[in-house]
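K.L.:
Sequence and predicted structure are below.
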Amino acid sequence: MNVTEVIDLLKNKADSKYHTGMLRFGIDNDKALGVKIPEVRKLAKLIKKDHDLAQQLWDTGIHEARILASMIDDPALVTPAQIDAWTKDFKTWDVCDQACGNLFDRTPYAIEKALEFSSHEEEFIKRAGFVLMAEMAVHHKKADDLVFIQFFPIIEREAWDNRNFVKKAVDWALRQIGKRNGTLRPLAIQCAERILLQDNKAAKWIAGDALRELKGKV
């Protein structure tokens, strides 16, 4: 299956109402066709892994084609340069999250990129750093607790950032790490309690939301 055929299949699944509704979820639909994620996943299962096709799909700039690319690319063939290039192309939170959760967090570079992106100035690149932390907490079942403990100081450090897509990702990372096991939960709670002491609106929101889930109260 070539890139033109895949785009035609995506266009056949386009839904004008869904396309319009994307805006309500804070997703810029200018480059989108309006294809629901379950439909994109069905197509990904049909195509299976195809690194070269993934590159071609990403290069189209089409919203759903980029999400599909993250689903069919082979993590073993992804390079740090590719991660950097794709991350610079992020224009919406959902493409960011799909690329991180479907692909980047399954590469050997997930930890280093999480650390690197966490202090980036660009909103969606910075979000990617914390989404990687959250996704690793879910997917890396056998990872040592030390992998995640190193993220707490970074989460605490960046809790000041009031940009919507950053603060939500910081909160997500903190909650997912805390929910991972009984060792990390109290450490995540302690981190949230320290964040709560910061004289900053974003920090207090992050801490409050995390504590509600991890501890059951603010």
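P.N.:
Everything's here; your move. Since we're looking at a predicted model, the values are computed, not measured.
K.L.:
Check what contacts stretch 133-152 and list those residues.
P.N.:
Residues outside stretch 133-152 that contact it (CB atoms under 8 Å, 6 or more residues apart in numbering): 100-101, 105-106, 110-111, 114-115, 118, 155, 169, 172-173, 175-177, 179-181, 183-184, 187-188, 191. Yep, even glycine has a C-beta here, placed from its N, CA and C like the rest.
K.L.:
Give the buried subset of those residues as a PyMOL selection command.
P.N.:
Buried residues within these, by 16 or more other CB atoms under 10 Å, are selected in PyMOL with:
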select buried, resi 100+101+105+106+110+111+114+118+155+169+172+173+175+176+177+180+184+188+191
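K.L.:
Take the contacts of stretch 133-152 and keep only those in strands.
P.N.:
Counting by DSSP state E, no part of these is found in strands.
K.L.:
Give me the contact list for the helix or strand containing Asp52.
P.N.:
According to DSSP states H and E, Asp52 maps onto helix 51-59. By CB under 8 Å, 6+ apart, the list of residues contacting helix 51-59 from outside reads 1-3, 6-7, 47, 65-66, 68-70, 72-74, 77-78, 86, 89.
K.L.:
just checking, Leu68 touches Leu10?
P.N.:
Yes: Leu68 lies in contact with Leu10 (CB atoms under 8 Å); the separation is 7.2 Å.
K.L.:
overlap in contacts of the two?
P.N.:
40, 43.
K.L.:
pLDDT weak spots in the protein?
P.N.:
216-218 (pLDDT under 70).
K.L.:
How about Ala169, nearest residue that isn't a chain neighbour?
P.N.:
In space, and not counting its chain neighbours, Ala169 is closest to Phe130: 3.7 Å by CB to CB, 6 or more residues apart in numbering.
K.L.:
Now for the one you found: which residues touch it?
P.N.:
Taking CB under 8 Å, 6+ apart, one finds 114, 118, 155, 158, 166, 169-170, 172-173 in contact with Phe130.
K.L.:
What distance do you get for the residue nearest to the spatial centre of the chain to Gly182?
P.N.:
In the chain, the C-alpha nearest the mean C-alpha coordinate belongs to Asp97, at 2.6 Å (CA atoms, centre = their mean). From Asp97 over to Gly182 the distance is 27 Å, taken as CB to CB, to the nearest Å.
K.L.:
before we move on, the earlier item: can you name the residues that contact the residue nearest to the centre of the chain?
P.N.:
Applying CB under 8 Å, 6+ apart, the residues near Asp97 are Val131.
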